[in-house]
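1. Task: produce atomic coordinates for the following.
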Amino acid sequence: MLELNEEKAQKLKEQYGNVAYVEATNGYLFFRRPTRVEYERYQDKYASDSTKVRTHLKELAVACLVEPDLAGFEAALNAEPTMLMSDVSPLLHDLAGDGREKRKGKL
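-> This is a model prediction of the structure:
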């Protein structure tokens, strides 16, 4: 089971930059920020076939997964099937920039 402490948080920040986590029943899942290419690939796949949104989202999540390994991620999803859509999806969108306060205006 993965745990979160200050030492681990600092190590992940140094190694991956912008990292966020989801707390699962069997520990923490850590994700890095998606690259532009990864995020655009996800958007393109979703736009071309929205019937497989979970498949496309899982592909993005696996690409951005820092810890645990794929088996640990699968175990977390097996324990909490709703986690992918309810927790991981918003987290990845926030990491990609959707969560920031929008800066726009008129001149």
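2. all contacts plus neighbour counts: C-alpha atoms, from now on.
-> OK.
3. Just say helix, strand or coil for residue 29.
-> strand (DSSP: H, G, I helix; E, B strand; the rest coil).
4. That one and residue 4 touch, don't they?
-> No. Residue 29 is not in contact with residue 4 according to Cα atoms under 8 Å; the separation is 9.8 Å.
5. Please identify which of the two sits among more neighbours.
-> residue 29 (23 against 13; other Cα atoms under 10 Å).
6. Report pLDDT for that one.
-> At residue 29, the model reports a pLDDT of 94.
7. where does the protein dip in pLDDT?
-> 1-3 (pLDDT under 70).
8. Tell me where the chain has strands.
-> Remark: strands assigned in the chain by DSSP state E are 19-24, 27-32, 65-67.
9. Can you tell me which residue is spatially central in the protein?
-> In the chain, the centroid-proximal residue (Cα atoms, centre = their mean) is residue 92; its distance is 3.8 Å.
10. I'd assumed residue 59 was in contact with that one.
-> No. Between residue 92 and residue 59 there is no contact under Cα under 8 Å: 11.7 Å.
11. Serialize the strands of the chain to CSV and add fields for distance to residue 42.
-> Shown next, in CSV, are the strands of the chain (distance: least, Cα to Cα, whole Å):
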stretch, distance to residue 42
strand 19-24, 19
strand 27-32, 15
strand 65-67, 15
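12. Burial-wise, tell me which of those strands comes out on top.
-> With neighbours taken as mean count of other Cα atoms under 10 Å, the strands of the chain reach their highest mean count in strand 27-32, at a mean of 22.
13. tell me the angle of that one relative to strand 19-24?
-> Relative orientation of strand 27-32 versus strand 19-24 (axes from the mean of the first three to the mean of the last three Cα atoms, to 10 degrees): 150 degrees.
14. and strand 27-32, what does it pack onto?
-> strand 19-24, helix 53-64, strand 65-67 (3 or more Cα pairs under 8 Å, 6 or more residues apart in numbering; DSSP states H and E).
15. what does the shortest one contact?
-> Residues lying outside strand 65-67 but in contact with it, judged by Cα atoms under 8 Å, 6 or more residues apart in numbering, are 29-32.
16. Apply 10 Å and report the result again.
-> Defining contact as Cα atoms under 10 Å, 6 or more residues apart in numbering, one finds that strand 65-67 is touched by 2, 12, 15-16, 19-21, 28-34, 59, 73.
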